[in-house]
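Participant: return a 3D structure for these sequence lines:
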Amino acid sequence: MNIIEVKDLMVTYGAVHALQHTNVSIPLGSRTAVLGPNGAGKSTLIKAILGIERIAEGQITLFNEYTPNHPDVQQKIAYVPQASQVNTQFPTTIFDIVLMGRFTYTKGLLRRPSKEDKQFALAALEKMGLADLKNRHITELSGGQKQRVFIARAIAQNAELYIMDEPLASVDIRTEQIIMDTLKEFQEQGKTSLVIHHDLHTVTKYFDYVVWLNQTAIAQGPRDVAFTQEVYQQAYQQSGTSFMDISSGKGAN
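Facilitator: From the prediction side, this is the model:
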């Protein structure tokens with residue numbers, strides 16, 4: 001079963017085609033890496049899946065029945081944007097930021113967080129190794145710690161599908177390992193992760209399914225089938241002589 005089906009998707013910015021005739025299927029329970037050069041349409045794809053990017057043509061189906069903006073989808077999908085896109089200057093504690101992950105469960109904007117909501121938020125901070133810092137302002141944290149805060153917010157949502165835009169960009173080794181261990185746990189729970197990933201060195205270590213983009217879907221499939229030199233050359237439109245070096249690593253486990 002596929003948790004995401006994208007059929008003949010087209011997204012345009014004026015006269016520019018960010019994505020065209022794009023077909024993507026994401027298997028339920030996979031750890032999927034979205035790969036491709038800068039400007040390939042990777043962020044555009046996930047924003048279209050989330051319903052925050054207007055599509056010109058095509059169809060997106062989630063959970064085998066919903067469109068992206070269907071009300072029943074809100075609790076099922078957690079999104080972690082690029083760290084550079086997040087305003088961290090607002091005056092609130094990291095506990096309150098993580099608690100925002102529970103807002104999809106609230107009935108009305110004025111409802112106070114429940115005891116259960118707070119327990120979910122604290123458990124998420126503990127998983128990210130940040131419980132002792134819960135009353136700190138986010139501006140006091142390092143870049144890696146900030147990223148873990150936003151992963152914790154996604155964890156607190158207790159979603160079924162986790163969509164992340166370069167969560168490992170510019171983070172320290174400890175943060176990288178914590179995040180990827182969490183995605184492995186999600187998979188063990190039957191949950192799905194769709195991750196824009198930039199480091200080809202670690203694809204075989206962290207992911208079991210890959211999607212290659214360059215304004216359209218170049219290739220997709222299980223990592224051992226679709227993560228190849230031939231596909232790399234096609235996606236990047238350049239010689240793949242260094243592919244074996246940059247893609248070396250142990251398989252996802």
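Participant: check which residues of the host helix or strand of Val11 are buried.
Facilitator: Element membership of Val11, judged by DSSP states H and E, is strand 2-13. Going by neighbour count (16 or more other C-beta atoms under 10 Å), the buried part of strand 2-13 is 2-4, 6, 9-11. (Glycine included, C-beta is placed from N, CA and C.)
Participant: again, but for stretch 142-154
Facilitator: Using 16+ other C-beta under 10 Å as the test for burial, stretch 142-154 gives 144-154.
Participant: now those residues in CSV, with pLDDT, distance to Gln189 and secondary structure?
Facilitator: Shown next, in CSV, are the buried residues of stretch 142-154 (pLDDT from 0 to 100; distance: C-beta to C-beta, whole Å; DSSP: H, G, I helix; E, B strand; the rest coil):
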residue, pLDDT, distance to Gln189, secondary structure
Gly144, 92, 24, helix
Gln145, 93, 25, helix
Lys146, 92, 25, helix
Gln147, 93, 22, helix
Arg148, 96, 19, helix
Val149, 95, 22, helix
Phe150, 94, 20, helix
Ile151, 97, 15, helix
Ala152, 98, 16, helix
Arg153, 96, 18, helix
Ala154, 97, 14, helix
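Participant: any chance of these in TSV, plus distance to Tyr105?
Facilitator: What follows is these, written out as TSV (distance: C-beta to C-beta, whole Å):
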residue	distance to Tyr105
Gly144	28
Gln145	26
Lys146	24
Gln147	24
Arg148	22
Val149	19
Phe150	18
Ile151	19
Ala152	16
Arg153	13
Ala154	14
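Participant: which among the residues you listed gets closest to Met100?
Facilitator: Each of these was scored against Met100 by C-beta to C-beta, and Arg153 proved nearest at 5.8 Å.
Participant: quick check, that closest one in contact with Arg102.
Facilitator: No - with contacts counted by C-beta atoms under 8 Å, Arg153 stays clear of Arg102, the gap being 9.1 Å.
Participant: which stretches of the chain form helices?
Facilitator: For the chain, the helices defined by DSSP state H cover 42-50, 94-99, 115-127, 143-157, 173-188, 203-206, 223-226, 229-236, 243-246.
Participant: perfect, I'm done here.
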